[in-house]
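Undergrad: One predicted model, sequence on top.
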Amino acid sequence: MTMRLLTFVMIVFVFLSCDDNTPALSCEGGVVATVRDLTGLDGCGFVFELQDGTKLEPYLIGYCGTPPLPKEITEKPALQF
């Protein structure tokens with residue numbers, strides 16, 4: 001009996017929580033852009049295309065411009081940081 005009641009309450013909750021009149025999120029000062037996949041073109045990946053046709057490439061934050069350290073350096077305890 002408890003399981004049926006719990007299932008009924010969950011189903012009612014799911015149907016009542018759906019609302020078609022949810023307002024769209026607005027971002028103050030935001031810019032509308034479309035994400036395009038240009039993977040096959042000259043090393044491009046995903047780009048943002050603005051409404052005026054300008055294409056912006058995302059900046060890779062994880063890569064700081066220096067290559068990874070060689071294995072010999074990382075194995076020395078004095079150079080572990």
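TA: Great, that's in hand.
Undergrad: going forward, measure contacts and count neighbours with C-alpha atoms only.
TA: Fine.
Undergrad: Tell me which stretches of the protein form helices.
TA: 2-17, 71-75 (DSSP state H).
Undergrad: Distance to V47 for the ones you listed - can I get that in JSON lines?
TA: What follows is the helices of the chain, written out as JSON lines (distance: least, CA to CA, whole Å):
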{"stretch": "helix 2-17", "distance to V47": "35"}
{"stretch": "helix 71-75", "distance to V47": "34"}
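Undergrad: I'd like these laid out as TSV, including mean pLDDT and distance to G29.
TA: Below are the helices of the chain laid out as TSV (pLDDT from 0 to 100; distance: least, CA to CA, whole Å):
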stretch	mean pLDDT	distance to G29
helix 2-17	87	30
helix 71-75	66	45
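Undergrad: Tabulate these in TSV, adding columns for distance to Y59 and mean neighbour count.
TA: Shown next, in TSV, are the helices of the chain (distance: least, CA to CA, whole Å; neighbours: other CA atoms under 10 Å):
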stretch	distance to Y59	mean neighbour count
helix 2-17	38	10
helix 71-75	27	10
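Undergrad: Those: which one's closest to F48?
TA: Closest approach to F48 among the helices of the chain (CA to CA): helix 2-17, 33.2 Å.
Undergrad: circling back to that earlier point, to G45, which of the helices of the chain lies closest?
TA: Per CA to CA, nearest to G45 of the helices of the chain: helix 71-75, 29.8 Å.
Undergrad: about what we covered before: which one of the helices of the chain lies closest to L50?
TA: Counting by CA to CA, L50 lies closest to helix 2-17 out of the helices of the chain; the figure is 34.2 Å.
Undergrad: Would you check that K55 makes contact with E49?
TA: Yes. Using CA atoms under 8 Å, K55 is in contact with E49, at 4.5 Å.
Undergrad: Burial check on V47, number of neighbours?
TA: Neighbours of V47 under the rule other CA atoms under 10 Å: 18.
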